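Student: Okay, here's the prediction I keep looking at, along with the sequence it came from:
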Amino acid sequence: MKDITLVVMAAGIGSRFGGGIKQLEPVGPHGEIIMDYSIYDAIKAGFNKVVFVIRKDLEEDFDKIIGQRIKKKVKVEYAFQEVSDIPKQYKDKFQERKKPWGTGQAILACKNVVHEPFLVINADDYYGKEAYQTAYNYLSDTHPMQPLPICMIGFVLKNTLSDNGGVTRGVCQVNKENQLIDIVETHHIEKIDGKAMTQGKEIDLNAVVSMNMWGLQPEIFQTLEKGFEDFLNTLEAVDIKSEYLLPTIIGDLLHSQQATVAVLKSHDEWFGVTYKEDKDFVKESIQKLVENGMYPKQL
C-alpha cells in the first residue's frame, strides 16, 4: 500500500469564532470534534499518516485532546506554523506581525515531515466520506510530474454556505475534462432568499468551489519555499495582514502552466464552524449522520 498523508491545517487563530479554540470544540455525541470524523474517514479511505499543522503554543492541548487518541490508530506528526518562521532577512521588517502568513506557509511548515503525496484539509471543516476516497484514489495513482499534478476536491456552492454570515469561497471554472481553468477567491458570499449573493451580485448555487481540500505532491515544497520569499519581498513593512494563500499559489502555477489541477467533484454536504452560531447546526448534522449509520455512535 502506498504511503499517503493527511495534512490538517489547524494553526488559525479563529477570530470569527468569538474566543476559544474552535478546532477543539466538541460536536459529536461522545465529545468528538470535527477532526475526529475527518481522520476517521481518511483512515477508512486508506491514508496512513496524519500531520497536524498547529501553533507551537497549542501543542499540549492538541496532543491531549486528539493526538494521543489518534496515535493508537495511525502515525501522527506535528508541524508548527509560526509568524516568525520566515527567512532571516525579513524578520526585522515584519517584527510587528502577529498572525501567521496563511495556508501557503502552513503547508510549507510540513516540508520536513511529509515526503509522500498528501491531502490538505482545514481542521474545522467536515468534508464527507466521498471526498477522502476520491482524493486517495487520485493520490495513490502514478502521474507525470511535469507539469506538477495537483487535485482539488470541488464542492457544490449551495452545499457550503452558512446561515450565520458571509463566507469566502474559491469559485472555480472547470473545463469538460474536469481540469481547473481558473479559481477566484470570492469574499462575503451570503445566502439570501435562496440565492448566493456577494456585493449585490448573484453567484450560481451549483458553481464548483474550493474548500481548501487539495491533493499535492512533495515536490511542491520547493515551489512554495521560493514563492514565499518572493511574496515577502513584495510586501511593505506596514502590510501586516497580507497572506500567502494556497488557492492563489495554485492559481498562479496553473496560469504559468507549471501545474495541472484535476477537479474531483464531491456531492457530500460540507459544513464547518466558521461562526460560533454554526456549532448547533454542525452538532445536529453529525447526529443525523450517526442516526443514519454513517458513523458509529462513538468513534
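Tutor: Looks like it came in fine.
Student: Which elements pack onto the lowest-mean-pLDDT helix or strand in the chain?
Tutor: For the chain, the helix or strand with the lowest mean confidence is helix 59-62, at a mean of 81 (criterion: mean pLDDT, DSSP states H and E). In terms of contact count using 3 or more CB pairs under 8 Å, 6 or more residues apart in numbering; DSSP states H and E, helix 59-62 is assigned the packing partners strand 75-80. C-beta coordinates here come from the backbone N, C-alpha and C atoms, glycine included.
Student: And the next helix or strand past the strand it packs on?
Tutor: Sequence-wise, the next helix or strand downstream of strand 75-80 (DSSP states H and E) is helix 103-108.
Student: got the CA coordinates for that next one in CSV?
Tutor: Output of helix 103-108 as CSV, limited to C-alpha atoms (Å, rounded to 0.1, in the frame of the first residue of the first chain):
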residue,chain,number,x,y,z
THR,A,103,-2.3,28.5,4.1
GLY,A,104,0.8,28.5,1.9
GLN,A,105,3.0,29.0,4.9
ALA,A,106,1.1,26.3,6.7
ILE,A,107,1.9,23.7,4.0
LEU,A,108,5.5,24.9,3.8
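Student: And the next helix or strand past it?
Tutor: Beyond helix 103-108 in the direction of the C-terminus, DSSP H and E gives the next helix or strand as strand 118-122.
Student: Centre of the chain to the following helix or strand past that following strand, how far?
Tutor: Using DSSP H and E, the next helix or strand after strand 118-122 towards the C-terminus is strand 125-126. Average the C-alpha atoms of strand 125-126, do the same for its chain, and the two points are 9 Å apart (CA atoms, centre = their mean, to the nearest Å).
Student: And stretch 190-206, by the same measure?
Tutor: For stretch 190-206, the distance between its averaged C-alpha position and the chain's averaged C-alpha position is 23 Å (CA atoms, centre = their mean).
Student: which residues are contacting the helix or strand following the least confident helix or strand of the chain?
Tutor: With elements assigned by DSSP H and E, the helix or strand that comes after helix 59-62 is helix 68-70. Contacts to helix 68-70, defined as CB atoms under 8 Å, 6 or more residues apart in numbering, come from residues Ile39, Val50, Val76.
Student: now with 6 Å?
Tutor: Counting by CB atoms under 6 Å, 6 or more residues apart in numbering, the neighbours of helix 68-70 from elsewhere in the structure are Ile39, Val76.
Student: what's the answer for stretch 175-190, then?
Tutor: 166-174, 196-198, 210, 247, 251, 261, 263.
Student: And for stretch 96-103?
Tutor: By CB under 6 Å, 6+ apart, the residues outside stretch 96-103 that reach it are Ala11, Gln81, Val83, Ile240, Glu243, Tyr244, Leu245, Leu246.
Student: For it, give the distance from the opening residue to the closing one.
Tutor: One end of stretch 96-103 sits 20 Å from the other (CA to CA, to the nearest Å).
Student: So for that stretch, what gets flagged as buried?
Tutor: Neighbour-count burial for stretch 96-103, counted by 16 or more other CB atoms under 10 Å, picks out Arg97, Pro100, Trp101, Gly102, Thr103.
Student: Stretch 249-257 too?
Tutor: Within stretch 249-257, the residues scored as buried using 16+ other CB under 10 Å are Ile249, Ile250, Gly251, Leu253, Leu254.
Student: Can I get the residues you listed in a markdown table including secondary structure and distance to Glu60?
Tutor: Conversion of these to a markdown table gives the following (DSSP: H, G, I helix; E, B strand; the rest coil; distance: CB to CB, whole Å):
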| residue | secondary structure | distance to Glu60 |
| --- | --- | --- |
| Ile249 | helix | 31 |
| Ile250 | helix | 33 |
| Gly251 | helix | 36 |
| Leu253 | helix | 36 |
| Leu254 | helix | 39 |
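Student: Perfect, I'm done here.
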